[in-house]
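Enquirer: Starting from these lines, generate the structure:
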Amino acid sequence: MISVPAPSSALAPAPETRVVNPTDALGIHRDAVRRRVLVIVGLVVMLALIAVASMLLGSNRIGIDRVLAGLTRTGSGTDEAIVWGSRIPRTCIGAAVGAALGIAGLLMQGHTRNPLADPGLFGVSSGAGLAVVIGVYVFGVTGTGATVWFALVGALVASVVVFSVTIAGSGTASPVPLALAGAAVSALLGALTSFVVLTDQDSLDAYRLWVVGSLAARQLDVLGAVWPFLVAGLVLAVLNVRALDALGLGTDLAKGLGENVLVARLVGLGGITLLAAGATAAAGPIGFVGLTVPHVARALAGTGHRWALPVSALVGAALVLLADVVGRLIGGFSEVEVGIVLAVIGGPVFVAVARRRSLVSL
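Expert: Purely as a prediction, here's the structure:
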């Protein structure tokens, strides 16, 4: 009788199987949730402190006691005019604009899978700028309250044009055609704006003051004009969170999970449009917020958009308010516009952020 040796696989010891204790996994999950909650609480406290500083500090150097008297309407008329006519409106508008741009940037980078994408890629800033110039050149509009409506309409129209061109060309709101259409429409609108401002001095003056991005001379009626669009954009962003997490796994896998990719894209892009258009109309084009804040949010809260979205809103609001306070303090009796401050400090900060690949990868 011939004995046949057993196969080597039968003689080899079975590979060790690691069993994950459900209790340990639950504990890890709870620790992660606890850490993210602490991050959000810390950001809320930081935002509150910066908002207080925004109301107390400014180019008009009045004492804290006079600010508090104006806040409670127990001081002089000058104190009330400074507090209620300037500092409270710009604090509220700055927080709303920063939060909107932070959320819009997060959605934009998530949908395009591009870490360098920001809301301006949709032609929002270019469309708003052209509408402001047309308002001055054709209708003679110079007041901030009227300008905000032209900027809002222009931003919305530009975004709709970008979406229409993309869907007409590719049949879907795909990231690459969307970016190309946005760049082309932005270039065209920018050229038209340059043509108008170079032929009319009044339009040039108005555009020069608007394009730097500022919270100065803004009253609460500006926020009253844009808040419905900001709220609608926020609602769409919240509804888009689950689909955006699925799209992060890939389009095919998202379809396998039951997501309607086209509907998810349109909901997300609609949220981006409303948030970016409202923010741009209220304060002008403010750069680096929509570009940098999402990277910071993902570093603090992870890549899940359910947590990254509120963190982006809080970081964006705090960043814009802080830049506004810095601009007031370093400008002496005048002030440096918030858009300029963010441009100066935003470049080096983004370079530092981009050097850490873990913050850039999507």
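Enquirer: Low-confidence stretches in the stretch 251-362 of the chain?
Expert: For the stretch 251-362 of the chain, the stretches flagged by pLDDT under 70 are 332, 353-362.
Enquirer: where's the spatially closest residue to Leu274 that is not a sequence neighbour relative to Gln109, distance?
Expert: Leaving aside its chain neighbours, Leu274 sits nearest to Gly233 (3.2 Å; criterion: CB to CB, 6 or more residues apart in numbering). Quick note: C-beta positions are derived from backbone N, CA and C, even for glycine. Going from Gly233 to Gln109 by CB to CB, to the nearest Å gives 16 Å.
Enquirer: again with Ala297
Expert: Ala297 is 10 Å from Gln109, by CB to CB.
Enquirer: And those two? Which one has more around it.
Expert: Between Ala297 and Gln109, counted using other CB atoms under 10 Å, the more crowded position is Ala297 (29 against 23).
Enquirer: just the helices in the stretch 101-250 of the chain please.
Expert: Shown for the stretch 101-250 of the chain, the helices assigned by DSSP state H, counting those that start in this stretch span residues 124-139, 144-170, 175-197, 201-211, 220-239, 241-247.
Enquirer: How about the third one, which residues are buried there?
Expert: Spelled out, that is helix 175-197. Judged by neighbour count using 16 or more other CB atoms under 10 Å, the buried positions of helix 175-197 are 175, 177-182, 185-186, 189-190, 193, 196-197.
Enquirer: Which stretches in the protein count as strands?
Expert: Applying DSSP state E to the chain gives no strands.
Enquirer: Would you format the buried residues of helix 175-197 as JSON lines with pLDDT and distance to Val44 included?
Expert: Formatted as JSON lines, these follow (pLDDT from 0 to 100; distance: CB to CB, whole Å):
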{"residue": "Pro175", "pLDDT": "72", "distance to Val44": "33"}
{"residue": "Pro177", "pLDDT": "80", "distance to Val44": "39"}
{"residue": "Leu178", "pLDDT": "79", "distance to Val44": "34"}
{"residue": "Ala179", "pLDDT": "78", "distance to Val44": "34"}
{"residue": "Leu180", "pLDDT": "83", "distance to Val44": "39"}
{"residue": "Ala181", "pLDDT": "86", "distance to Val44": "38"}
{"residue": "Gly182", "pLDDT": "87", "distance to Val44": "33"}
{"residue": "Val185", "pLDDT": "91", "distance to Val44": "38"}
{"residue": "Ser186", "pLDDT": "91", "distance to Val44": "35"}
{"residue": "Leu189", "pLDDT": "93", "distance to Val44": "38"}
{"residue": "Gly190", "pLDDT": "92", "distance to Val44": "38"}
{"residue": "Thr193", "pLDDT": "94", "distance to Val44": "39"}
{"residue": "Val196", "pLDDT": "91", "distance to Val44": "43"}
{"residue": "Val197", "pLDDT": "91", "distance to Val44": "41"}
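Enquirer: Show me which of the residues you listed is closest to Gly271.
Expert: Leu178 (14.3 Å; CB to CB).
Enquirer: Need the nearest residue in space to that closest one, chain neighbours excluded.
Expert: Thr166 (4.8 Å).
Enquirer: close enough to count as contact, the one you found and Val176?
Expert: No. Using CB atoms under 8 Å, Thr166 is not in contact with Val176; the gap is 9.5 Å.
Enquirer: For burial, what's the neighbour tally of the nearest residue to Ser214 once chain neighbours are set aside?
Expert: Nearest residue to Ser214 in three dimensions, chain neighbours excluded: Glu337, at 4.3 Å (CB to CB, 6+ apart). Glu337 has 22 neighbours, counted by other CB under 10 Å.
Enquirer: in terms of contact, does Glu337 touch Ile330 like I think?
Expert: No. Counting by CB under 8 Å, Glu337 does not reach Ile330; the two are 11.5 Å apart.
Enquirer: Extract the CA atoms of stretch 43-59 and return them as PDB.
Expert: Extracted in PDB, the C-alpha atoms of stretch 43-59 (Å, rounded to 0.1, in the frame of the first residue of the first chain):
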ATOM      1  CA  LEU A  43     -15.700  76.000  18.500                       C
ATOM      2  CA  VAL A  44     -19.000  77.400  19.800                       C
ATOM      3  CA  VAL A  45     -17.200  78.900  22.800                       C
ATOM      4  CA  MET A  46     -14.500  80.300  20.500                       C
ATOM      5  CA  LEU A  47     -17.000  81.800  18.200                       C
ATOM      6  CA  ALA A  48     -18.900  83.400  21.100                       C
ATOM      7  CA  LEU A  49     -15.700  85.000  22.400                       C
ATOM      8  CA  ILE A  50     -14.800  86.400  18.900                       C
ATOM      9  CA  ALA A  51     -18.400  87.700  18.500                       C
ATOM     10  CA  VAL A  52     -18.000  89.600  21.800                       C
ATOM     11  CA  ALA A  53     -14.700  91.000  20.700                       C
ATOM     12  CA  SER A  54     -16.300  92.100  17.400                       C
ATOM     13  CA  MET A  55     -18.900  94.100  19.400                       C
ATOM     14  CA  LEU A  56     -16.400  95.500  21.900                       C
ATOM     15  CA  LEU A  57     -13.500  96.400  19.600                       C
ATOM     16  CA  GLY A  58     -13.300  98.600  16.500                       C
ATOM     17  CA  SER A  59     -11.600 101.500  14.800                       C
END
